[in-house]
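Chemist: Whatever this is, show me its structure:
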Amino acid sequence: MPKTELSPIKCVYIAQYYSDRNFAQEPALFVCRYKNAGDVYRSLLQFPLSRSPGRPGPASVLDRALLKLDVTRNDIPRGSIRVSVHKVWQAWMESTVNWLTQPLFSISPESSCPVRAGYTGSLEFDLTDLARSWQQGALSNYGLLLAGNEEHNRLLSLAGRTPPPGHKPPRLELEYKRKSVVKSPCHNSGF
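Modeler: A predicted model of the protein is given here:
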């Protein structure tokens, strides 16, 4: 089964407390609330996936799309939270987006993943249906918004484009399978 791994073309976090500031060139992404109400972080990503590009060939179809993110800091004191991935509905600029100008996004997550206190491994989000919609042209690819617990202090840091040693940047792993060939039930006997 052929695999392709895509790197983000846009990668930034936004902060409610610093609502008019842009954080595009930072080495990390953040989600959840940090210290108090009004101190919420979200992150935005966009991968170069749209109608057809990235496909290994016409004889294959997208079987699975996994967003993989490495946790580099976990300030969850106990229990666990859910990190969610939301579809973005409008264009945004990596170099200018901030909390005040963040794009509209779907309230219902495309995927979510539990994260327990102390965990610093990799998170995986199944985005197969969304990636297929982008490739088939059914939806425009405006990227993804990452969010976490915004009611309690539970900050998570995720590896950004230039992560610390031992961590990988965000990646969208695509797995393809060969299209099934449907044979006709009719048999041509040469008449």
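Chemist: Report how many residues lie close to the closest residue in space to residue 49 that isn't next to it in sequence.
Modeler: Leaving aside its chain neighbours, residue 49 sits nearest to residue 134 (5.2 Å; criterion: C-beta to C-beta, 6 or more residues apart in numbering). From N, CA and C alone the C-beta is placed, and that goes for glycine too. Counted by other C-beta atoms under 10 Å, the residues lying close to residue 134 total 24.
Chemist: Contacts only, for residue 134.
Modeler: Contacts of residue 134 were listed using C-beta atoms under 8 Å, 6 or more residues apart in numbering, and they are 49, 50, 51, 140, 141.
Chemist: Buried residues in stretch 92-112, which are they?
Modeler: Across stretch 92-112, burial judged by 16 or more other C-beta atoms under 10 Å covers 92, 94, 97, 98, 99, 102, 105, 109, 110, 111, 112.
Chemist: In strands, which of the residues you listed appear?
Modeler: 111, 112 (DSSP state E).
Chemist: Among the buried residues of stretch 92-112, which one sits closest to residue 21?
Modeler: Closest approach between the buried residues of stretch 92-112 and residue 21, by C-beta to C-beta: residue 98, at 5.7 Å.
Chemist: Touching, that closest one and residue 22? I think so.
Modeler: Yes. Residue 98 is in contact with residue 22 according to C-beta atoms under 8 Å; the separation is 5.3 Å.
Chemist: separation between the nearest residue to residue 17 once chain neighbours are set aside and residue 84?
Modeler: Counting by C-beta to C-beta, 6+ apart, the nearest residue to residue 17 once its immediate chain neighbours are dropped is residue 39, at 4.6 Å. Per C-beta to C-beta, to the nearest Å, residue 39 is found 19 Å from residue 84.
Chemist: Ok, residue 26 next?
Modeler: On the measure of C-beta to C-beta, residue 26 and residue 84 end up 21 Å apart.
Chemist: Tell me who's in contact with residue 104.
Modeler: Neighbours of residue 104 in contact, by C-beta under 8 Å, 6+ apart: 88, 89, 90.
Chemist: Quickly note the distance from it to residue 43.
Modeler: 16 Å.
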